[in-house]
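Q: okay, predicted coordinates and the sequence, questions at the end:
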Amino acid sequence: MPELPEVENVRRGLETLAVGKTVSAIDIRWSKIIVNPDEVFTAGLVGQQITAVDRRGKYLLIRFGEQLTVVSHLRMEGKYEVVAKEAPISKHTHVIFEFTDGQQMRYLDTRKFGRMQLIETGQENTVAGLKDLGPEPTPTIFLKAGFYQRLQKHHKAIKPLLLDQKVVTGLGNIYVDETLWLSHIHPETPANVLTRTETDRLHDEIIAELELAINHGGTTVNTFLNATGHAGAFQEMLHVYGKKGVPCERCGTPIEKIKVAQRGTHFCPKCQIKRDAK
DNA sequence: AGCTGCTCCTGGTCGC
DNA sequence: TGCGACCAGGAGCAGC
């Protein structure tokens, strides 16, 4: 599933393949993907040129001309491809941007969870989800002191807080399990029992893990911008996610899978000791 | 305000 | 083999 590293990879691919192209037509095949009325979305974008592709957290910000932005969230299975218009269209293609050069940028999404919204550039803060987004996971923006203070305010489990994009943006279920294992923290640990030393360690692991994944996913960019293609490569680097019953790399104890806040959660019961509330 | 639970979807897996 | 039940989950939202 696309988390921040995969979205960044898609961003880089679209930057290469779609910037400079001008939209000649739009075909919306599954209307619910588009937050705006179909005709507003289409009328706004036809004739516009793609000028840049930015990213904020897991949101893609596709810039059209100087004044318009399409905010695109891939959710679970969204993908983009840029292909010749003659290329076969899969049944999971829901939005097609046709360009004046005969190519098409297509949005594919097996489970149709993804969303796209046309806004005026500069109005990003009107989009629910974007306006309350926390810091990007980079050392200059995501600060240890603020992270610690934020966690101290909560007594619920650390895992759902890391999934909350308001605390830090970019983590999904896979990377949360991975960073908690790397940090020796049990996913159900109440956030406010974590020490400053522990949250500092967690902070560093989050930054390092996402950077590693971005760099790892940045190796292959072709006309098909496929998040799962890169996830396949990163698969080899996972320590706990999807490894129920497999011996922990550090201590050999079988990895366990439980539910935390309705999410499948993988951890090592020996390396990640559960602690009670204060 | 914090938190929980529901919703959207389809493909894959499991039991019978 | 076929079929139904159930699971996977990011984030917006309602409701307590």
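A: Sure, I can see it.
Q: quick check: the gap between whatever residue of the stretch 1-150 of chain A ends up closest to DNA strand C and DNA strand B.
A: In the stretch 1-150 of chain A, no residue comes nearer to DNA strand C than residue A:129, which is 1.8 Å away by CB to the nearest atom of the strand. To be clear about C-beta, it is placed using only N, CA and C from the backbone, and glycine gets the same treatment. Going from residue A:129 to DNA strand B by CB to the nearest atom of the strand, to the nearest Å gives 13 Å.
Q: list the contacts for that residue?
A: By CB atoms under 8 Å, 6 or more residues apart in numbering, the contact set of residue A:129 is A:59, A:73, A:165.
Q: could you do residue A:152 as well?
A: Each residue near residue A:152 by CB under 8 Å, 6+ apart is listed here: A:191, A:192.
Q: and it, what pLDDT?
A: With respect to pLDDT, residue A:152 scores 91.
Q: return the distance of it relative to DNA strand B.
A: 11 Å.
Q: got phi/psi on that residue?
A: phi -60, psi -20 (degrees, to the nearest 10).
Q: so which of the contacts of residue A:129 are also by DNA strand C?
A: Applying CB under 7 Å from any atom of the strand to the contacts of residue A:129, one finds that A:73, A:165 fall near DNA strand C.
Q: narrow the contacts of residue A:129 to those in strands?
A: A:59, A:73 (DSSP state E).
Q: buried ones among the contacts of residue A:129?
A: A:59, A:73, A:165 (16 or more other CB atoms under 10 Å).
Q: what pLDDT is listed against whichever residue of the stretch 151-278 of chain A sits closest to DNA strand C?
A: Closest approach between the stretch 151-278 of chain A and DNA strand C, counting by CB to the nearest atom of the strand: residue A:264, at 3.2 Å. Residue A:264 is assigned a pLDDT of 88 by the prediction.
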